[in-house]
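Asker: coordinates only, no sequence provided:
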């Protein structure tokens, strides 16, 4: 029997399913890499250094085949809006404590990129670049070029930069510039439940 559109290629539900299900599971497991424990430990440590849980980090690493080199935050993600000169203390502390990862900021109007960079510096957050974010009226090519300018500032390929944002528009940036992916702000700044 041929699988139809949308079928995931798993075992059929016809007679003899136990054997087919066993074969399916064995084939799936054979596809997954078996990493030495030392490599897993290094990756767990790396995930902690850059402020991600291991599952999230491993997912992005597996999808790109590369380590993450930088985060691209939107000012929405950082909760920086007009007339607010500082990030929330706990979120600023998380960013200041990251190591081995570059931080980039896409600044939405009416905020000034230089002022945002100063704000971040005043809270001990190192920023590689704070530049204007792609505008709503920009075409696809201009949006991509604006985003690739962040990759140039970080001196890294775009697929090693993770976009962290707060809106659907920011989620589209990752696909537009072929970046590592998109992570919602709430998930990035969520408290570590293991710490409790």
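Answerer: Structure's in. What do you need? Just so it is clear, the model here is predicted, and its values are computed rather than measured.

Asker: can you list the buried residues in the helix or strand of the chain with the lowest mean pLDDT?
Answerer: Across the helices and strands of the chain, mean confidence by mean pLDDT, DSSP states H and E is lowest for helix 17-31: a mean of 77. Within helix 17-31, the residues scored as buried using 16 or more other C-beta atoms under 10 Å are residue 24. For every residue, glycine as well, the C-beta is placed using N, CA and C.

Asker: OK, contacts around the residue nearest to the spatial centre of the chain?
Answerer: When C-alpha atoms, centre = their mean is applied to the chain, the residue found nearest the centroid is residue 162 (3.4 Å). For residue 162, the contact set (C-beta atoms under 8 Å, 6 or more residues apart in numbering) comprises 60, 68, 70, 71, 72, 174, 179, 180, 181, 182, 183.

Asker: so which of these is the most crowded?
Answerer: Using other C-beta atoms under 10 Å as the neighbour criterion, residue 72 leads the contacts of residue 162 with 31 neighbours.

Asker: hmm, back to that, which is the next helix or strand following the least confident helix or strand of the chain?
Answerer: Following helix 17-31 in sequence order, the next helix or strand is helix 37-49 (DSSP states H and E).

Asker: now that next one: how far from the chain's centre is it?
Answerer: In terms of C-alpha atoms, centre = their mean, to the nearest Å, the centre of helix 37-49 is found 17 Å from the chain centre.

Asker: buried residues, that helix. List them.
Answerer: The neighbour-count check on helix 37-49 (16+ other C-beta under 10 Å) flags 43, 46, 47 as buried.

Asker: which member of the residues you listed is positioned nearest residue 153?
Answerer: residue 46 (22.4 Å; C-beta to C-beta).

Asker: does residue 174 touch residue 181 like I think?
Answerer: Yes. Applying C-beta atoms under 8 Å, one finds residue 174 in contact with residue 181, separated by 5.4 Å.

Asker: give me the common contacts of those two.
Answerer: 162, 163.

Asker: now do the strands in this structure.
Answerer: 70-74, 102-107, 129-132, 161-165, 181-184 (DSSP state E).

Asker: format those strands as CSV; extra columns: mean pLDDT.
Answerer: Formatted as CSV, the strands of the chain follow (pLDDT from 0 to 100):
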stretch, mean pLDDT
strand 70-74, 96
strand 102-107, 96
strand 129-132, 95
strand 161-165, 97
strand 181-184, 96
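
Asker: mind putting these into JSON lines with distance to residue 89?
Answerer: Output for the strands of the chain, formatted as JSON lines (distance: least, C-beta to C-beta, whole Å):
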{"stretch": "strand 70-74", "distance to residue 89": "17"}
{"stretch": "strand 102-107", "distance to residue 89": "17"}
{"stretch": "strand 129-132", "distance to residue 89": "20"}
{"stretch": "strand 161-165", "distance to residue 89": "18"}
{"stretch": "strand 181-184", "distance to residue 89": "21"}
